[in-house]
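Chemist: got a predicted structure here, sequence first:
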Amino acid sequence: MTHAAQLRTARILAAVIGAAGLLYAVLSWGALQEQAGAAPPAWTVVAALGAFGVPVLVGALGWVLPLPALRVGLAGSGILSLALIASAAVLVRGLPPESPPWIVTFLAIGPAALAAAVPRGWIGVSVPIAVAELVVVRLAAGGRAALSPAIEDAIFSIAICSIFVALAVVVGRQAEQLDAQAAAAERRSGDRAAAEARLTERDRVDALLHDTVLSALLLAARGTPAVEQEVRRQAGEALGALDAAVDPAQEPGAVATTELAEVLRARLVRVAGRVPVREVEGAASVSGASHPADGAGVGARPAPGETRIPAAIAEALIAAVLEAVRNAGRHAGPRAHQSVEVAAHGDGVRIEIRDDGRGFDPETVDPARLGVRRSILGRVRALPGGRAEIVTAPGAGTRVILDWSAS
């Protein structure tokens, strides 16, 4: 799970605590000099460096430290501050009752650093510990006469420390929730992508089975000697298509639009007899934009700059065209005439399959039928940059428009 929000929050809190340590050092400098004789000089130096220097150092390094190291630094800073206050109860003596030891002026830094390192409600126990240390240090340094000012300081310190700790815990918990939500969203996105990939693959397999295997089986079911050769041919095509689906390396390289037209002619002769395939000079894509044709005449080799189509894209377009022609042969009527137009446009190609047959109402097509929904429209729309539509109406013939652009 990502911890970006927690790291960002911990760095900000560390910077705030470091700035507070620097501010307390400036505000406490006068009191530290005045009270230098009330404690051993070595302790004063160590306490000053630990109380003010460590929070500043952690705040500065927090912008480059990873989250675990930063939390360790914050926790260490908080524990050190509480330990230094506790040691003052033993080492600081002889102060006037009204003068608090300089070290208790940064009382909130310790609990706040601990809360930033461990944003949990139970970390609030550091507040009463720090306040209890404050009272003990005041009494040890100023005697019983310091009891009343110690209680006043304790009440004020409870309020201040509680605010800082509560803010650190709330902000830290919110950061954890943000990270958890981000991780959940990432998982959902991955699951959704995997589901879409599985659905796309299932559609591809369904279309493959419909176009090749089922066609061969339906032809074989007629059981007449006249179709025996055709059955063998379609069965061979089905096996080849299945092999290519398992091993994409078998697919040929990219093809030009002129080569695509030639392949269509060859395959259409085997599927539906002689269906005219012609290349046109230009065409409007499915999106409606008009494009000049880049393709050369029939049989020409690819010219420099001519549109070339990736093998997988070309194979999907060819399969959709073949299924559209098959579909028209089954449903357009015995007197219907078909034609195919291929036109290059910019960085893509547009293919239109026409027939002057019966036509149909697309809204009445059974969703369970694979021929139109998956083998034609679904197959092309699943391609990156692929678009497909069917223009038809009862008695008005049918136009199947397939369009692919690299951009």
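Modeler: Happy to help now that I have it.
Chemist: got the contact list for the nearest residue to residue 146 once chain neighbours are set aside?
Modeler: For residue 146, ignoring the flanking residues on the chain, the nearest one in space by CB to CB, 6 or more residues apart in numbering is residue 97 at 4.0 Å. Using the backbone N, CA and C atoms, a C-beta is placed for each residue, glycine as well. Contacts for residue 97 (CB atoms under 8 Å, 6 or more residues apart in numbering) come out as 142, 143, 145, 146, 149.
Chemist: check the second one and give its pLDDT.
Modeler: Meaning residue 143. Reported pLDDT at residue 143 in the predicted model: 88.
Chemist: what residues are up against it?
Modeler: Taking CB under 8 Å, 6+ apart as the test, what residue 143 contacts is residue 97.
Chemist: about what we covered before: farthest-apart pair in the contacts of residue 97, please.
Modeler: 143 and 149 (11.4 Å; CB to CB).
Chemist: residue 387 touches residue 400, doesn't it?
Modeler: No - look at residue 387 against residue 400 with CB atoms under 8 Å: they stay out of range, at 12.0 Å.
Chemist: any stretches of the stretch 151-300 of the chain with poor pLDDT?
Modeler: For the stretch 151-300 of the chain, the stretches flagged by pLDDT under 70 are 186-187, 189-253, 271-273, 281-300.
Chemist: phi, psi of residue 351?
Modeler: Here is the backbone geometry of residue 351 (degrees, to the nearest 10): phi -120, psi 130.
Chemist: apart from its chain neighbours, what residue comes closest to it?
Modeler: Per CB to CB, 6+ apart, closest to residue 351 is residue 402, 4.5 Å.
Chemist: where along this structure do the helices fall?
Modeler: 4-34, 41-48, 54-61, 67-91, 109-117, 126-142, 147-208, 214-221, 228-246, 257-272, 311-331, 370-372, 379-381 (DSSP state H).
Chemist: using TSV, lay out those together with mean neighbour count.
Modeler: Output for these, formatted as TSV (neighbours: other CB atoms under 10 Å):
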stretch	mean neighbour count
helix 4-34	18
helix 41-48	15
helix 54-61	21
helix 67-91	19
helix 109-117	29
helix 126-142	21
helix 147-208	15
helix 214-221	15
helix 228-246	15
helix 257-272	19
helix 311-331	21
helix 370-372	20
helix 379-381	22
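Chemist: how about the ones you listed in CSV, adding distance to residue 407?
Modeler: Compiled in CSV, the helices of the chain are given as follows (distance: least, CB to CB, whole Å):
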stretch, distance to residue 407
helix 4-34, 33
helix 41-48, 66
helix 54-61, 48
helix 67-91, 42
helix 109-117, 50
helix 126-142, 60
helix 147-208, 21
helix 214-221, 34
helix 228-246, 27
helix 257-272, 16
helix 311-331, 13
helix 370-372, 27
helix 379-381, 16
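Chemist: now for those helices, which one comes closest to residue 358?
Modeler: helix 311-331 (6.9 Å).
Chemist: just to check, the residue nearest to residue 351 is in contact with residue 379?
Modeler: No - contact between residue 402 and residue 379 fails when scored by CB under 8 Å: they sit 9.1 Å apart.
Chemist: between these two, what contacts are shared?
Modeler: With CB under 8 Å, 6+ apart, residue 402 and residue 379 have common neighbours 320, 388.
Chemist: just to revisit the earlier point, from residue 257, how far off is the residue nearest to residue 146?
Modeler: 97 Å (CB to CB, to the nearest Å).
Chemist: can you check residue 60 too?
Modeler: Taken as CB to CB, the span from residue 60 to residue 257 is 63 Å.
Chemist: then residue 89?
Modeler: 89 Å.
Chemist: repeat that for residue 322.
Modeler: In terms of CB to CB, residue 322 sits 17 Å off from residue 257.
Chemist: ditto for residue 122
Modeler: 71 Å.
Chemist: burial count for residue 396?
Modeler: Using other CB atoms under 10 Å, residue 396 has 13 neighbouring residues.
Chemist: what's the answer for the one 10 residues further on, then?
Modeler: For residue 406, the count of nearby residues is 14 (other CB under 10 Å).
Chemist: repeat for residue 145
Modeler: Counted with other CB under 10 Å, residue 145 comes out at 12.
Chemist: where does the closest residue to it other than its chain neighbours land on pLDDT?
Modeler: Excluding its sequence neighbours, the residue lying closest to residue 145 (CB to CB, 6+ apart) is residue 97, at 3.8 Å. Residue 97 is assigned a predicted lDDT (pLDDT) of 88.
Chemist: for the remainder of this discussion, apply numbering that starts at 2.
Modeler: Let's use 2 as the start, then, which means that last one is residue 98.
Chemist: residue 139 versus residue 98, what's the distance?
Modeler: 8 Å.
Chemist: which residues are in contact with both of the two?
Modeler: Joint contacts of residue 98 and residue 139 (CB under 8 Å, 6+ apart) are 147, 150.
Chemist: who touches residue 86 in this structure?
Modeler: Counting by CB under 8 Å, 6+ apart, residue 86 has contacts 104, 105, 108, 111, 131, 134, 135, 138.
Chemist: if you skip the residues just before and after it, what's nearest to residue 63?
Modeler: residue 15 (3.6 Å).
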